[in-house]
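> Need coordinates for the following:
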Amino acid sequence: MSGHGALPAKQDQAALELSLVIEGPSGSQQITLLGNGASIGIGRAPDSQVQLASSGVSHRHCKLFLTKKGQDVVLRVRDTSRNGTGARHSRYSQAQRPFKELKEGEEEVLHHRSQLLIPLKEKDKGRDTRSVLTIYFNLPDAYNPAQESGRWQYEEKLGEGGLAVVYRARDVSGSLGEVAVKVSKFKNLPLVSNQNRHVYALHREAQWSMKCLHNTEDPRYDEKGAGLFAKYLEDHTGFDAHDDVSFDATRRKFEDPEFAWSKHSFEPKLAREPYVVMELVEAKLLQSAIDANPPLDFAEKRTITRQCVDSLLYLSKFDALHRDFRGCNIFLQGRGKGCQLKVIDLGFMISADAHQEKNPNIAVRCAWQGNKDQRIRFDWAPPEVRTKEVRNFGQPGSSFDIFSLGPSALFSEDLVNSRDMSEKLVSITADIKELRLPPQLFRRMLDKNSENRPTPKDLSEAFVERPKRRKAERVTPLVQVQDKNLLIPVTPPSDGGMGVGYALFYQDHPELRTPPELPPPPRSAPPPASARSAPPPVPVKSAPQPAPARSAPPQPPPPPPPPLPPPVAPAPAPAPAPAPVPLAVAFPAGSLLAEIAHGPKDAPMTRQQLPKEVETGASSLALLAAFFFWAGDRRPSTPPTPPGQRKSPRQVRLVGLLLALMTIL
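Residues are numbered from 1 along each chain as shown. Coordinates of the predicted model:
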């Protein structure tokens, strides 16, 4: 049974042929809708084009009708019932998705393999009398299970552009398995028509892949570069009957500036429903991955940018330019550093020959001006082609895609047309450096003059010739001395010991040979020999006396201390060492360590004066000495400890002093 729309068909009206497969008492029906607004009714009414006998179906339950969206024909459903209509769209990964409820007056766009549930709500609780209607568009060489004919079992729609629709499909009779089939929107064209150029464009993009990019016999073929582009497998446009001796000769023929598409007769006729077959890329569009959660990190962006550069470098081997290099034409497989790009849609690809720059042929010419009223912008297109002048690209030819890569690299297409572009470039300089692109090179990519833009080779070399990482310079630690504003560099001992509280300036640091100016430590006169042999008498503190009355006579002064023995002449100083290299030791002025370090006459010690055994173990002894001094200072001041008991703080400090002397001597 066939149902037709209410409007009469005209030659220039778009037609949509579809099949309704009904699961229920009714059978399959062929429906043809012609023209914008054409519709068919579904319900129990006798005049309905599709009648359903269930008691739950309204007389006028729903209506299928055509609308136009730009140049495209769209099938829609509108519910006109009281118990609702269900609608769902087929997805390969979600075969049993729930139905969306459409209430009275609500509409939904339908696609290939969309399903309707009529009615959505069942009145009879005993048994289910509802009907499921599956919509099949009449697609080329589609598999018909009833007749066991056709090759492609079409699944859901994967994408749609201005010239074609891409479907997921399975090769039923062949060996290709799951593929992507790109079906032209221009069908059953006459022998002479300007629109035959769209069939040629579909044929040309398939041949770019099959004869050039993925042709293993071509000397320019490179497996790594070819892997960055989706592979075309079959060409069913019918244009091969009009090919010349080679792909280059075919392009020269149909892209000649004098070729008249409106007068040329294509005999034999082109395919009624032109289509091409491509590999199925299971991935997300880069445009969608940008908005994904979690967002792309800089490591992923660097990998993506590098692969974008590699893909343009591979195109330059064939002297070709893509002209539609943007996020919606790039697939991203996986995440992380191992993510892989796949560039699709070669429909605008042409050669970068000089005669193509201003070629007016409509198969080469593209309108990049956009439409401000309809908010149509071509942000990825360079400024030289967005003018009224006929210009397809600037020189060099690769400058077109290089400009498109600029906003794609930072995933901000609105950057190009912004008035404050220079300010934005300054703000994203850090991001550009993270992509390992020199900021000045990125600015050249967006230069208004195409001749100033870098080539794919320049960008590739910028990635390869990464600046060598400098070895991390050894940071000299600092130690703070008595002056809080003075920091002295510390050179650790060569034996790996721990230096505690000191700063040594060795001979291998000539810039540090002169120690910082520190105040000299206070020195007292050497005691007499008799004083060295016997400890000085300890004065006995008398008990505190009460304060005398005002009338009491003054107390007599205390007796003078006993006289000290005459001083002993000091021993003669040893002869100084011949021109030693100073080895300065800096400690807080007035401390015991400073006194030990500077010696009896403040003469700086030298490295030659240190025995080898002491030099190698100086750090450990210094650490132990510092510990004893710290322990002695921590104990409170007490009277001398009687013999046989634990050592006094003075004795602890004396042990530390001896250890320090061993360190020096």
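
> contacting residues for Glu108?
76-77, 87, 100, 102 (C-beta atoms under 8 Å, 6 or more residues apart in numbering). Heads up, the C-betas are built off the backbone N, CA and C, glycines and all.

> What's the PyMOL syntax to select whichever of those are buried?
Selecting only the buried entries of the contacts of Glu108 in PyMOL, with 16 or more other C-beta atoms under 10 Å as the criterion:
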select buried, resi 77+87+102
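
> mind listing which of the contacts of Glu108 are in strands?
76-77, 87, 100, 102 (DSSP state E).

> which of these sit farthest apart?
Using C-beta to C-beta, the ones in strands among the contacts of Glu108 span at most 13.6 Å, a distance reached by Arg76 and Lys100.

> possible to save the contacts of Glu108 as a markdown table with pLDDT?
Below are the contacts of Glu108 laid out as a markdown table (pLDDT from 0 to 100):
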| residue | pLDDT |
| --- | --- |
| Arg76 | 95 |
| Val77 | 96 |
| Ala87 | 95 |
| Lys100 | 93 |
| Leu102 | 96 |
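
> Show me which of the contacts of Glu108 is closest to Asp379.
Arg76 (30.8 Å).

> Quickly note the distance from that closest one to Glu258.
With distances taken as C-beta to C-beta, to the nearest Å, Arg76 is found 44 Å from Glu258.

> if you skip the residues just before and after it, what's nearest to Lys253?
Asp244 (5.6 Å; C-beta to C-beta, 6 or more residues apart in numbering).

> Show me what counts as buried in stretch 72-91.
73, 75, 77-81, 83-90.

> any idea which of the ones in strands among the contacts of Glu108 is closest to Tyr200?
Tyr200 lies nearest to Arg76 out of the ones in strands among the contacts of Glu108, by C-beta to C-beta, at 32.1 Å.

> Please parse the chain into its domains.
Split into domains by automatic domain parsing, the chain comes to 2-138, 151-280, 295-355+363-467, 476-514+580-635+646-665.

> just flag whichever of these has the lowest average confidence.
With a mean of 50, domain 476-514+580-635+646-665 has the lowest mean pLDDT of those.

> Identify the residue spatially nearest to Met278, adjacent ones excluded.
Nearest non-adjacent residue to Met278 (C-beta to C-beta, 6+ apart): Ala180, at 4.7 Å.

> Verify the contact between the one you found and Val276 for me.
No - Ala180 lies out of contact with Val276 (C-beta atoms under 8 Å); the separation is 9.3 Å.

> the more surrounded of the two?
Under the criterion of other C-beta atoms under 10 Å, the comparison of Ala180 against Val276 puts Val276 first, with 24 against 20.

> my guess is the more buried one contacts Asp240, does it?
No - judged on C-beta under 8 Å, Val276 makes no contact with Asp240 at a distance of 11.4 Å.

> what residues are shared contacts of these two?
With C-beta under 8 Å, 6+ apart, Val276 and Asp240 have common neighbours His203.

> re the thing from before, which one of the contacts of Glu108 is nearest to Asp291?
Lys100 (23.6 Å).

> How about that closest one, nearest residue that isn't a chain neighbour?
Lys100 sits nearest to Ala87 (C-beta to C-beta, 6+ apart), 5.2 Å away.

> which residues pair with the one you found across the strands?
Counting by DSSP bridges, Ala87 forms beta bridges with Lys100, Leu116.

> Could you shift the numbering so residue one becomes 13, and keep it that way?
Sure thing, new numbering starts at 13, so read that last one as Ala99.

> Show me the strands in the stretch 363-512 of the chain, by range?
490-492, 499-501 (DSSP state E, counting those that start in this stretch).

> Need the residues that contact stretch 55-64.
Contact partners of stretch 55-64, identified using C-beta under 8 Å, 6+ apart, comprise 15-16, 32, 34, 36-38, 41, 43, 52-54, 65-66, 69-74, 92-93, 130, 143, 145.

> Any buried residues in stretch 318-337, and which?
318-330, 332-337.

> how close does Lys296 sit to Gln352?
12 Å.

> Spell out which residues are contacts of both of these two.
Leu344.

> Which residue ranges of this protein form helices?
Using DSSP state H, the helices found in the chain span residues 208-219, 235-238, 259-266, 298-302, 310-329, 411-422, 433-439, 441-446, 451-457, 468-476, 541-545, 604-610, 624-646, 661-676.

> The fourth one - what's its average pLDDT?
Okay, so that is helix 298-302. 84.

> helices or strands next to it in the packing?
strand 342-345 (3 or more C-beta pairs under 8 Å, 6 or more residues apart in numbering; DSSP states H and E).

> Partner strands of the strand it packs on and their direction?
Strand 342-345 has these strand partners (DSSP bridges): strand 296-297 (antiparallel), strand 352-355 (antiparallel).

> so which of these is the most packed in?
Of all the strands paired with strand 342-345, strand 352-355 carries the top mean neighbour count, a mean of 20, counting by mean count of other C-beta atoms under 10 Å.

> In contact with Phe278, which residues?
203-204, 208, 254.

> Highest neighbour count among those?
Of those, with other C-beta under 10 Å as the count, Asn208 tops at 25 neighbours.

> ok, now which ones touch that residue?
So Asn208 contacts 201, 273, 276, 278, 282 (C-beta under 8 Å, 6+ apart).
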